[in-house]
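# I'd like to go over a predicted model; first the sequence, then the structure.
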Amino acid sequence: MASRDPVADLRRIAFLLERANEATYRVKAFRSAAATVAKTPPDELAERAAAGTLAKLAGVGEVTARCVTESLAGEEPVYLRRLVSTEGNDLPAAATALREALRGDCHVHSDWSDGGSPIEEMALAAAELGHEYFVLTDHSPRLTVARGLTADRLRRQLDHVAKLNELMPDGFRILTGIEVDILEDGSLDQEDELLERLDVVVGSVHSKLRDESPRMTRRMVTALGNPHLDILGHMTGRKVSAKGEGDAAHRTARTRPPSTFDLEKVLAAAIEHDKAIEINSRPDRLDPPKRMLTVAVEAGCRFSIDTDAHAPGQLDWLGFGCERAALCDVPPDRVVNTWTADRLVEWTRSHA
């Protein structure tokens, strides 16, 4: 029996673990093993598999060694087969139709800030999922805990993305962007000249989330009036418990209630300035709550269904956002990432 590609199998396992929001250490184990196997000559791999010494390679453990051995023998690794068989049910019809209509993702992070993978790895994973584009939205400087990009680092990233786009598969494009902090006075945490150069700007509140409602409302309304902002990210800032983040006590400790603000005023500002409200698909966010999302639909808002992905497997979380959008009757023609990249950028340029 012809051997399989053990690197591809290990990477696929890591991808599925990320998509299932499993523990980071487990994902890293398979990505580290894939990196080691990729650097090891095929003859040495075969010899080690036969001798049972794969686990002596740096970055390869007993579980990953077993996967490599099975793959080299031409068998789908049992670990991979089990993950594939427990992927879950298909999305309901309306959510499936919306997911199929999405052409890209407007909120994606890389290891330039707090993501775990290089830009090119995220891009290739997105292309494999059938995306036509994603917007690279690493954090802005004020969010030091997430290694936010200074103006100089962002300029270097823009040059890097320009080079990467020359190497991308046909039909796929990395759009430039940022997840910029909305500061306490509603201003945006990056130089105007740089924000103007970007294809898409997502603005999010990451500090003083417990501000009183009038102050938070002014902050968000001011930001929505800024011509550089295009999408309001995870608007309530809430965190909910999610599978894969440790035991029950740890997950409870990481929950966070939503910020309070005048929803009608915020939505009115979004409509007035033709900005989009993000439907954040992360299992630990699912923001905004359905009650708010329903009000936004009735108000006539535009939306962007995004993953806020920090790792390749998380790029496949769009389905979670589509399920919520379908439950709240979000019209597909009001979702900006159902558009082509050219139309999306034409829309964002209209805000300047």
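Happy to help now that I have it. This structure is a prediction, so every number in the text was calculated from the model and none was measured. Numbering: from 1, shown residues only.

# Every contact and neighbour count from this point should use C-alpha atoms.
Noted.

# looking just at contacts, which helices and strands does the helix or strand hosting Asp181 meet?
Element membership of Asp181, judged by DSSP states H and E, is strand 173-181. If you count contacts as 3 or more Cα pairs under 8 Å, 6 or more residues apart in numbering; DSSP states H and E, strand 173-181 packs onto strand 133-136, helix 151-165, strand 200-204.

# and with 6 Å instead?
strand 133-136, strand 200-204 (3 or more Cα pairs under 6 Å, 6 or more residues apart in numbering; DSSP states H and E).

# As JSON lines, the ones you listed with mean neighbour count and mean pLDDT would be great.
As requested, the helices and strands packed on strand 173-181 are exported to JSON lines (neighbours: other Cα atoms under 10 Å; pLDDT from 0 to 100):
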{"stretch": "strand 133-136", "mean neighbour count": "26", "mean pLDDT": "98"}
{"stretch": "strand 200-204", "mean neighbour count": "27", "mean pLDDT": "98"}
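
# Minimum distance to Val240: which of the ones you listed has it?
When the helices and strands packed on strand 173-181 are compared by Cα to Cα, strand 200-204 sits nearest Val240, at 17.4 Å.

# Does anything pack onto the closest one? Which helices or strands?
Right, strand 200-204 is packed against strand 173-181, strand 231-232 by 3+ Cα pairs under 6 Å, 6+ apart.

# what's the first one in contact with?
This means strand 173-181. Outside strand 173-181, the residues that touch it by Cα atoms under 6 Å, 6 or more residues apart in numbering are 133-140, 188-189, 198-205.

# Number of residues surrounding Thr255?
Using other Cα atoms under 10 Å, Thr255 has 15 neighbouring residues.

# same deal with Arg82?
Neighbourhood size, Arg82 [other Cα under 10 Å]: 11.

# Tell me if I am right that it is in a helix.
Yes: checked against DSSP: H, G, I helix; E, B strand; the rest coil, Arg82 lies within a helix.

# Would you mind measuring from it to Ala23?
Going from Arg82 to Ala23 by Cα to Cα, to the nearest Å gives 17 Å.

# sorry, back to before: of all the helices and strands packed on strand 200-204, which one is nearest Gly319?
Once those are compared by Cα to Cα, strand 231-232 is nearest, at 19.4 Å.

# Let me see the mean pLDDT of the closest one.
Across strand 231-232, pLDDT averages out at 98.

# Break the protein into its domains for me.
As recorded under automatic domain parsing, the domains making up the chain are 6-85, 93-349.

# what's the span of the shortest one from first residue to last?
I take that to be domain 6-85. 19 Å.

# And the longest one, by the same measure?
Terminal residues of domain 93-349 are spaced 34 Å apart (Cα to Cα).

# ok so, going back, let me have the helices and strands packed on strand 173-181 in TSV, extended by distance to Arg285.
Output for the helices and strands packed on strand 173-181, formatted as TSV (distance: least, Cα to Cα, whole Å):
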stretch	distance to Arg285
strand 133-136	19
strand 200-204	13
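
# one step back: ranking the domains of the chain by mean pLDDT, which is last?
Among the domains of the chain, domain 6-85 scores lowest, with a mean of 90.

# Pick the most deeply packed of the domains of the chain.
domain 93-349 (a mean of 20; mean count of other Cα atoms under 10 Å).

# Pull the distance from it to the chain's centre.
With Cα atoms, centre = their mean, to the nearest Å as the basis, domain 93-349 stands 8 Å off its chain's centre.

# which residues sit in contact with the residue most central in space within the chain?
Nearest residue to the geometric centre of the chain (Cα atoms, centre = their mean): Ala309, 1.7 Å. Applying Cα under 6 Å, 6+ apart, we find Ala309 in contact with 108-109, 315.

# in the sheet, who's paired with the nearest residue to it once chain neighbours are set aside?
Distance criterion Cα to Cα, 6 or more residues apart in numbering; nearest residue to Ala309, sequence neighbours excluded, is Val108 at 4.9 Å. When assigned by DSSP bridges, Val108 has beta-bridge partners Leu136, Ala309.

# Just confirm Asp274 is within a strand.
No: under the criterion used here (three-state DSSP), Asp274 is coil, not part of a strand.

# need the helices and strands packed on strand 200-204 in CSV with distance to Gln157, can you?
CSV is the format used below for those (distance: least, Cα to Cα, whole Å):
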stretch, distance to Gln157
strand 173-181, 9
strand 231-232, 21
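
# nearest to Asp152, of those?
strand 173-181 (13.7 Å).

# how far off strand 200-204 does that closest one point, in degrees?
Here strand 173-181 runs at an angle of 30 degrees relative to strand 200-204 (axes from the mean of the first three to the mean of the last three Cα atoms, to 10 degrees).

# which residues touch the helix or strand Val27 falls within?
Remark: Val27 resides in helix 24-39, with elements defined by DSSP H and E. With Cα under 6 Å, 6+ apart as the test, helix 24-39 has contacts from 7, 10, 14, 59-60.

# Nearest to Lys239 among those residues?
Using Cα to Cα, Ala14 is the member of the contacts of helix 24-39 that lies nearest Lys239, at 24.2 Å.

# just checking, Ser204 touches Gly233?
Yes: counting by Cα atoms under 6 Å, Ser204 does reach Gly233; the two are 4.8 Å apart.
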